[in-house]
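Chemist: What shape does this take:
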Amino acid sequence: MYLLFTTRRRKATPREFLVSTLYHSPQEVIQNITLLDKDSYMKYTFILILITSFFNSFAQDKTLWTAAWSPNDEVLAIGGSQGVLKLFDGHTFELLNTYSTGGETLSRLKWHPTENKLAVITQSASFKAKILDMDLDQWIELEKLENSFRALDWNHSGEFLAVSGFDGEISIFDSSGMNVSRFMADEKSVTGLDWHPTQNILAAVGSTIGMFTHSGETIRIYDPRDVEVVLLCVEWHPSGEFFATGDYGESSNAKNKLIQYWNKKGEKVVETGKSQVEYRNIRWSPDGEWLASANDALRIWDHEGKLVKESKASNDYLWGINWNSEGSRIITTSSEGVISLWDKDVNLIHQFEF
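Modeler: Below is the predicted model:
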């Protein structure tokens, strides 16, 4: 389905092209407009109108896609469509520093668990993914990385960094940026990945759910439903016994956007959260009691999938989400560039803009 950036390139259908805009930056979509098959291009001219509207809105896009507190809560890193990474004081929220990401959309941020390093990923073949060494105040390039997509994560020890690319591959690097391995994880695209909390086992999602070792050995790959869906995020429970996924819904009609829990055997144990808005980010609290999800509202679920708290729904969708180290505060970022601080009972404490 998502054929614009695969190694087996062919003409894309209109539906394939439109769905691909969910996963790629406007620059990349522009470069691939010609991949629409000719008959469909002529027959569905309305696509050009949709694309024009999409690009016009992007020019003023304020969306903040990702947020992450440092392990000691001293620094809050935030980024999105503005082409920059900003670091704020984790307590006062005073702006500390700004780093350019080459004008590229910043999709995900992950702090190293023990070192003063921050991994970032953009949806591009230019800036790609990099590691910011905070002590040296400089970027570390990732060896042999040709492009990057929207998913990255450090393993539990910080020995390995996993990064997804356009073509469904995952690349593994050490903390100095040297390449360790590269392997195919999803023939369509890898939109989310997360390391097991104590083992070098990687869960990756896209059109399928896959579990892999750091060297690329496949543990298992399976379909999440009987119909084709687009999964957007995955998060291991701190116990390591199961993980949660959030999705865009069925690829044919975007219906049935769900949160699902899966055990290590690939068995679904919980299905909940049916929503009109996709789940782009989910995060477990450090103690594993609560799963926070962000879309049209901030919602808190227990480990059995029961909804226990939720904020008032809004058209200013919440995308980025993260807990502090104590599990007492939640930070969210929105499509209008608003950064919000909440307590664990979903009471709004503070807001500020990017």
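Chemist: what's across from M211 in the sheet?
Modeler: According to DSSP bridges, the residues that bridge with M211 are A203, R220.
Chemist: R182 in helix, strand or coil?
Modeler: Secondary structure state of R182, per DSSP: H, G, I helix; E, B strand; the rest coil, is strand.
Chemist: How about the contacts made by the closest residue to it other than its chain neighbours?
Modeler: Once flanking residues are discounted, R182 sits nearest to S171: 4.7 Å by Cβ to Cβ, 6 or more residues apart in numbering. Backbone N, C-alpha and C define where each C-beta goes, glycine included. The neighbourhood of S171, defined by Cβ atoms under 8 Å, 6 or more residues apart in numbering, consists of L142, K144, L145, A162, V163, S164, G165, N179, S181, R182.
Chemist: Mind telling me what element the fourth one is part of?
Modeler: Taking DSSP states H and E as the definition, one finds A162 inside strand 161-164.
Chemist: Could you list the paired strands of the following helix or strand past that strand along with their orientation?
Modeler: The C-terminal neighbour of strand 161-164 among helices and strands, as given by DSSP H and E, is strand 169-173. Each strand paired with strand 169-173, and its direction, by DSSP bridges: strand 161-164 (antiparallel), strand 179-184 (antiparallel).
Chemist: my guess is F127 meets T101, correct?
Modeler: Yes. Taking Cβ atoms under 8 Å as the contact criterion, F127 and T101 are neighbours in contact, 5.2 Å apart.
Chemist: give me the low-pLDDT residue ranges for the stretch 1-150 of the chain?
Modeler: Confidence mapping of the stretch 1-150 of the chain against pLDDT under 70 gives the ranges 1-60.
Chemist: if you set the cut-off to 50 instead, what comes out?
Modeler: Within the stretch 1-150 of the chain, the segments meeting pLDDT under 50 span 1-20, 22-58.
Chemist: Okay, strands next: where are they in it?
Modeler: When secondary structure is read from DSSP state E, counting those that start in this stretch, the stretch 1-150 of the chain shows strands at 66-69, 75-79, 84-89, 95-100, 106-111, 117-122, 129-133, 138-141.
Chemist: mind putting those strands in a markdown table, distance to I201 included?
Modeler: Output for the strands of the stretch 1-150 of the chain, formatted as a markdown table (distance: least, Cβ to Cβ, whole Å):
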| stretch | distance to I201 |
| --- | --- |
| strand 66-69 | 22 |
| strand 75-79 | 26 |
| strand 84-89 | 29 |
| strand 95-100 | 32 |
| strand 106-111 | 17 |
| strand 117-122 | 19 |
| strand 129-133 | 21 |
| strand 138-141 | 25 |
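Chemist: quick one, which of the ones you listed is nearest to G240?
Modeler: Within the strands of the stretch 1-150 of the chain, the stretch nearest G240 is strand 106-111; the backing value is 18.0 Å (Cβ to Cβ).
Chemist: so what strands line up beside the closest one?
Modeler: Paired neighbours of strand 106-111 in the sheet (DSSP bridges): strand 117-122 (antiparallel).
Chemist: starting at the chain centroid, how far to the partner strand?
Modeler: How far strand 117-122 lies from its chain's middle: 12 Å, per Cα atoms, centre = their mean, to the nearest Å.
Chemist: which residues touch it?
Modeler: If you take Cβ under 8 Å, 6+ apart as the criterion, strand 117-122 is touched by 25, 68, 70, 77, 79, 85, 101-102, 104-112, 128-134, 140, 148-152, 154, 161, 163-164, 175.
Chemist: Nearest to D343, out of the strands of the stretch 1-150 of the chain?
Modeler: Closest to D343 of the strands of the stretch 1-150 of the chain is strand 66-69 (Cβ to Cβ; 14.7 Å).
Chemist: Not counting the closest one itself, show me its contacts.
Modeler: Strand 66-69 has contacts (Cβ under 8 Å, 6+ apart) with 75-80, 90, 106-111, 118, 281, 319-325, 331-333, 339.
Chemist: so who does G305 touch?
Modeler: Residues touching G305, when contacts are defined by Cβ under 8 Å, 6+ apart, comprise I259, Y261, V270, E271, T272, G273.
Chemist: What pLDDT does the model give it?
Modeler: In the prediction, the pLDDT value recorded for G305 is 97.
Chemist: Show the contacting residues for the nearest residue to K62 once chain neighbours are set aside.
Modeler: Counting by Cβ to Cβ, 6+ apart, the nearest residue to K62 once its immediate chain neighbours are dropped is G337, at 3.4 Å. Going by Cβ under 8 Å, 6+ apart, G337 touches K62, T63, L64, G80, Q82, E353, F354.
Chemist: Distance of the nearest residue to the fifth one once chain neighbours are set aside relative to I209?
Modeler: What that stands for is Q82. Closest residue in space to Q82, ignoring its immediate chain neighbours: F354 at 6.8 Å, by Cβ to Cβ, 6+ apart. With distances taken as Cβ to Cβ, to the nearest Å, F354 is found 33 Å from I209.
Chemist: These two: which is more packed in?
Modeler: The neighbour comparison of F354 against I209 (other Cβ atoms under 10 Å) goes to I209, with 23 against 19.
Chemist: That one and C233 touch, don't they?
Modeler: No. Applying Cβ under 8 Å, one finds I209 not in contact with C233, separated by 11.7 Å.
Chemist: joint contacts of those two?
Modeler: When contacts are counted by Cβ under 8 Å, 6+ apart, I209 and C233 have T245 as shared neighbours.
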